[in-house]
Every structure is written in structure tokens, then in C-alpha cells.
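Undergrad: this one's structure only:
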DNA sequence: AACTAGTCCAACCGCCTTGAG
DNA sequence: TCTCAAGGCGGTTGGACTAGT
């Protein structure tokens, strides 16, 4: 039994009043479940809609400036290394998950994948270099786990491994940075 | 001025994981 | 162990805006 495709709801932009209520109730009691917040604030929204709105727009004062070339390059490199969006976002503390993800999809359209033509070691070096060029991004704060393909940010700074771990070790060789190939038409 | 194509961003959906009971 | 609800994540879509013709 296959579910019939559900018709997509028409987009309904959030009003400043809804934002205010959401922010107010969430700030008053951060542990309150979204369902409870929706009831108390009398919001005609779903749980997901509310949580996404809060996390992508209201949580903090997000940086809405354009992405710099360095930021773009970092996103490209991380995506080529199969880093999850959740991990990539941690390199951009002032930006929302949605912003980084949207930027990533834009760049995907513009750039050909470089993972096929650039060795993984080089990609990791490039990633560390780009990360170090971006304010607040700590090149030492990324680790690579080949077994899980998960690339996560470490909160404890660099502990360069000497025992065969595949952790990224920052490469100070300026030649490690190469230009990213443009789109192949 | 009017139309079209492209871009950007917010909102939505489905799948998956997690944790409580 | 199982079930279910909540929330996280990745991907997609709709609509506003802008540049080009």
C-alpha cells in the first residue's frame, strides 16, 4: 500500500507577531516542548515549522552577509569530503543551517565536483587552509573518521595523532591550496 | 514598459535517530 | 524489547526579486 503523494502546502511566511510569540515562549522556557509552545502561543503552525523557524532565524542574530570566496571554497571542500551539513555549519558560527545549506546547493550547481580529480589528502589540507582563513573557524577543530565517513568538529583543539589515526593535521604548506576547478560545460 | 530567465532564500517534506514510557 | 513522539538532518520547492532583452 503506497501512500498517495501529499500535496505540498502553500508557503506561508512568518509574521513579526508570530516570530515575537515564538521567541518569547522559547526564551522563557527553553525546555518547553514545541507542541506546548504552539499551544500557549496559539500559533497555527506545526512543530517542525516552529523549530526550523526558531533555529534558522530567531535563535541568535545570524550573519546575513554574502558568503566570502574563502567560505565558498571551504564549503566546497567539505562537501567533497562528504562532510554532513550539520558538521559544515559548525565552521560558520554566525550563520544558520539553512543559509549554509542553500549556499552549498548553489555552489554545487556552479562547480564541478573536485573529489574525483583532487586526492583526499589534498582536499583535507585545502579544507584546513580555508578554515584558517575564516574568522572563528579553527582548522584544528576538524577530525576525519574513515570508518564512519563522519567528519566532525572537535571542541578540544588539536591533538595530532601519531598512531595511524586519520585525523586531519593542519598543513602549513601554502601550496596546499589550489584553485577549485570551475564548472565543466 | 513588459516579458523572461536566473538567482536567492524561506518554508516545506520525508526519512532517520533518539529518548521516554 | 517495543512503541511512539519529538526533533535533527538532507533535500526540494515556491515565491519574491533582479538582470537582461
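TA: That came through fine. Being a predicted model, the structure only gives us computed values, none of them experimental. Numbers count the residues shown, from 1 in each chain, chains lettered A, B, ... in the order given.

Undergrad: strands of chain A, start to end?
TA: Ranges of strands in chain A, per DSSP state E, are A:142-145, A:150-153.

Undergrad: domains of chain A?
TA: Using automatic domain parsing, the domain parsing of chain A gives A:16-58, A:69-176.

Undergrad: contact residues of chain A facing DNA strand B?
TA: Residues of chain A lying close to DNA strand B by CB under 7 Å from any atom of the strand are A:5-6, A:8-9, A:11-14, A:45-46, A:48-49, A:52-53, A:56-57, A:64, A:66, A:96, A:98-99, A:102-103, A:106, A:109. From N, CA and C alone the C-beta is placed, and that goes for glycine too.

Undergrad: try 6 Å
TA: Neighbours of DNA strand B within chain A, by CB under 6 Å from any atom of the strand: A:6, A:8-9, A:11-14, A:48-49, A:52-53, A:57, A:98-99, A:102, A:106.

Undergrad: need the buried ones from the residues you listed selected in PyMOL.
TA: A single PyMOL command selects the buried members of those (16 or more other CB atoms under 10 Å):
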select buried, chain A and resi 49+53+57+99
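
Undergrad: give me the subset of the residues of chain A next to DNA strand B lying in helices.
TA: A:48, A:49, A:52, A:53, A:98, A:99, A:102, A:106 (DSSP state H).

Undergrad: now the residues you listed in JSON lines, with distance to residue A:70 and pLDDT?
TA: Shown next, in JSON lines, are these (distance: CB to CB, whole Å; pLDDT from 0 to 100):
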{"residue": "A:48", "distance to residue A:70": "33", "pLDDT": "89"}
{"residue": "A:49", "distance to residue A:70": "33", "pLDDT": "91"}
{"residue": "A:52", "distance to residue A:70": "28", "pLDDT": "90"}
{"residue": "A:53", "distance to residue A:70": "29", "pLDDT": "91"}
{"residue": "A:98", "distance to residue A:70": "21", "pLDDT": "90"}
{"residue": "A:99", "distance to residue A:70": "16", "pLDDT": "91"}
{"residue": "A:102", "distance to residue A:70": "18", "pLDDT": "91"}
{"residue": "A:106", "distance to residue A:70": "16", "pLDDT": "86"}
